[in-house]
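Chemist: coordinates only, sequence not included:
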C-alpha cells in the first residue's frame, strides 16, 4: 500500500511555528477589537466591546495588538532579509512569472482543460498570495494605524487630510484582510477536502510525502533528486513506482 | 261657607305681604326724619369745602343714595355726631384726614375686633385705608352686596394699598384686573390659588420679606401642576433653593403671578425670563446664530434656553449626564429634515459625527454608563451660547480659531490638525477626494477579490469531486 501518507518531511522549524501562532493570535485580536469598532452599530460589536470593558479598553487592546503586529512584521522582514543576504537562504517567497502561469494552469486543470495541475515549488502561488497579503497589508495597516494613533504628531509634518485618508485605508484594508483570511485561508487550511479536518503542517512542522509530491513536486524532486510525472500532482494520486522509489531517500532539513 | 268677612281679611293679608316683599326699599324713604331733612336743607345744594392742602370736596349729598343705603334709617347724626343746630366749623388739612376722622365713627358700632386686616389697614391717621374707602360713606354697603367672586377680592385688591414686610420692603396689594382676564388662569378664581383666604376668612399674615411671600405662594402651584413640581425636584434650581438660596427661581418667577402666560407661546419672552438672573449668558446668546435669528428675525425654530437646558427638570449644565446628552439635544433640531431644509442646513451633521471617532466614543460611553469620561461633543467645537454660523463670512475666522478648541483635548495640535476632521461632509470628489477614491476603490476591489476567491474554491471542490 501507499506509505507516503505516513512518512513525513520536516517543512517548518519551531521558529516559524511560533511565528504563525503569534500572527494568528494577533490577527484574531485585531479583527475582534477592530471590526467591532468598524461595525459599531451592530449588537454583536456592542456586546464584544462591553465584554472587553468598554470602548477605551477595546482600543487599548487593539493598539497593543497593533504593536505586536508591528514587531512581528519588522522582525520577519529583518530576519528574512538577513537570511537571504548572509545565510544563503533561498528567497522562495519571491513572486515569479511562473506563479502567474501556475495560477492559469491550475484553473485550466480545474476546468478540465489540462491533465494535471500546476507543478509548484516550495510555495505555490496561493501561499505567496497570502504571504504578501499579510506582509504588504500588514505594513499598510501599521502605517495607517500609527497615523490614527498619533494624529497630533503626524499632522505636525503632514497635512491634516492624511488622517481621514489613513482611516479610509485602515478600515477598508481591514475588511479585505479579514474576508481573505476567513474565506481563502480558512478554506485552504481547514475546509479544503485535501486537508479536512485541518492542515497540521504549520503546527507540527511536518508534511507527509504524499502531500509533498502532490503539492510541491518541484521541491520534492530537488530534495530527493528524482523526477515525478506531472500526473502525481493530481488530487487523487494513485500508488506508483515513483513514489515507492522516493521513499528510500532520507529526510532533508527544512529551509526557509 | 265663604263669608264676605273672610274675603276682606284674606285680601288685606295678601296686600300687606306684597307691600312688605315688593317695596321694602321704599320704606326708609318715608322714614327720613325731620332732623335729617334739616341737614339736607343745606347739603342738597352745590357747595364745596376747601382743605388746607388745596383739595376740595363737594358737600352736596345725593338723597336717593342715602335712602338706598343700609344706613338710610339711622339718620345723619348717628354718624356725624352733631345736629343742624350744633354744626361745628372745623378746618381739615386734607381730604384724607377728613375721611379718616369721619371713619372713626364707624368703629363706634362696628368693632374691628377679630378682623386683623381691617385693624391694620385703618390704624392711625396714616392708615392705608379707612372704612369709607371701600364701603362708601353715604352709599354704605356691605362688601358682599357690592360684588362677588373675584370682584369681591378686587374690592380691596383693586386698590393701591401698601403692605410692609418685616425687613422694611414694601409691596402693593393692587391686582390689575387686566392681568387676570388675559391670564391662562382666567377661568380660575382668586381663592383657587390663594387657598388660605376666602370671603369669610382672610387671616392677617406677616412675611419677613417679599421673597418669603413669593416662596409661600409658589407652593400652591403644585396643587394642580404636580407633574411639573415633581420634575423640579430633579432640577438644579430646586437644589439651589433647598440649599438655602432664596434667589433660585420659583414657578412664579418664570411664569408670572396674576398675568400667568403659557411659556411656550412666546419664545423670546421665555428666554427673557432666564435673563432675569442669567443676563451675562443672555447677552452672549443674543449674538449667537440662534439668538440673533430669534431676536432680529423672529425665527422661532431656534432654541431658547429651556429647549436645551429643559425647563423644570433642568439638572444643570455642569453634570456629566448633561454633557453627554448634548449631541442628542442638538440632533433634536439638526437631525430633522423638515426644520433644516428651511435654512439650507444639512441633517448629515448628526450622522457624520456619530460615525466618526468622537461620536462612536460618545455613544459607547453613554451606552456603558461612562458618562463622566470626556469626549468631544457638538459644543466643544461649536461653542455653547456663542454658537456661530459655519457658513459665509465668519467661517474662515471660526476655522482659524478651531485649533484652539482642538488643543483643549489634544495639546500640541498644530494648525493642520483640525483638517483631520472633514467637517461633517460625507467624502465626495470635491471634498476629501482621496478618501472618496479609496472608499470606492475598495468598494469595487473587495467584491471582485472575494468573488474571484470563492469561484476558485468552488472550482477546486468540483475538480476534487470529479477526480474521485
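Modeler: Received the coordinates, thanks. Quick caveat, the model's predicted, so the values are computed rather than measured.
Chemist: can we go C-alpha only for contacts and neighbour counts from here?
Modeler: Fine.
Chemist: Reduced to three states, what does residue B:185 come out as?
Modeler: Following DSSP: H, G, I helix; E, B strand; the rest coil, we place residue B:185 in the coil state.
Chemist: Give me the spatial nearest neighbour of it, chain neighbours excluded.
Modeler: Counting by C-alpha to C-alpha, 6 or more residues apart in numbering or on different chains, residue B:185 lies nearest to residue B:260, which is 6.8 Å off, once chain neighbours are set aside.
Chemist: what secondary structure does the one you found sit in?
Modeler: Of the three states, residue B:260 takes coil under three-state DSSP.
Chemist: How much space separates it from chain A?
Modeler: Using C-alpha to the nearest C-alpha, to the nearest Å, residue B:260 is found at 47 Å from chain A.
Chemist: shouldn't that residue be in contact with residue B:181?
Modeler: No - with contacts counted by C-alpha atoms under 8 Å, residue B:260 stays clear of residue B:181, the gap being 10.1 Å.
Chemist: Those two: which has the busier surroundings?
Modeler: Just comparing residue B:260 and residue B:181: by other C-alpha atoms under 10 Å in any protein chain shown the higher neighbour count belongs to residue B:260, 17 against 14.
Chemist: For the residue nearest to residue B:185, list the residues it contacts.
Modeler: Residue B:260 makes contact with B:179, B:183, B:184, B:185 under the criterion C-alpha atoms under 8 Å, 6 or more residues apart in numbering or on different chains.
Chemist: 10 Å instead?
Modeler: Shown in contact with residue B:260 (C-alpha atoms under 10 Å, 6 or more residues apart in numbering or on different chains): B:179, B:180, B:182, B:183, B:184, B:185, B:186, B:252, B:254.
Chemist: Out of these, which end up buried?
Modeler: Buried subset of those (neighbour count, 16 or more other C-alpha atoms under 10 Å in any protein chain shown): B:179, B:180, B:183, B:185, B:252, B:254.
Chemist: quick one: the fourth one and residue B:261 touch, right?
Modeler: Yes - applying C-alpha atoms under 10 Å as the test, residue B:185 and residue B:261 come out as touching, 8.3 Å apart.
Chemist: what is in contact with the two at once?
Modeler: By C-alpha under 10 Å, 6+ apart, residue B:185 and residue B:261 have these common neighbours: residue B:179.
Chemist: Walking through chain B, point out its strands one by one.
Modeler: Secondary structure of chain B (DSSP state E): strands at B:48-50, B:56-58, B:162-164, B:170-172.
Chemist: deepest of those, which one?
Modeler: Among the strands of chain B, ranked by average contacts under mean count of other C-alpha atoms under 10 Å in any protein chain shown, first place goes to strand B:162-164 (a mean of 16).
Chemist: Run the chain-centre distance for that strand.
Modeler: Counting by C-alpha atoms, centre = their mean, to the nearest Å, strand B:162-164 is centred 23 Å from the centre of its parent chain.
Chemist: Over to stretch B:175-192?
Modeler: 12 Å.
Chemist: contact partners of that stretch?
Modeler: Outside stretch B:175-192, the residues that touch it by C-alpha under 10 Å, 6+ apart are B:149-154, B:156-160, B:193, B:197-199, B:220-221, B:223-224, B:256-262.
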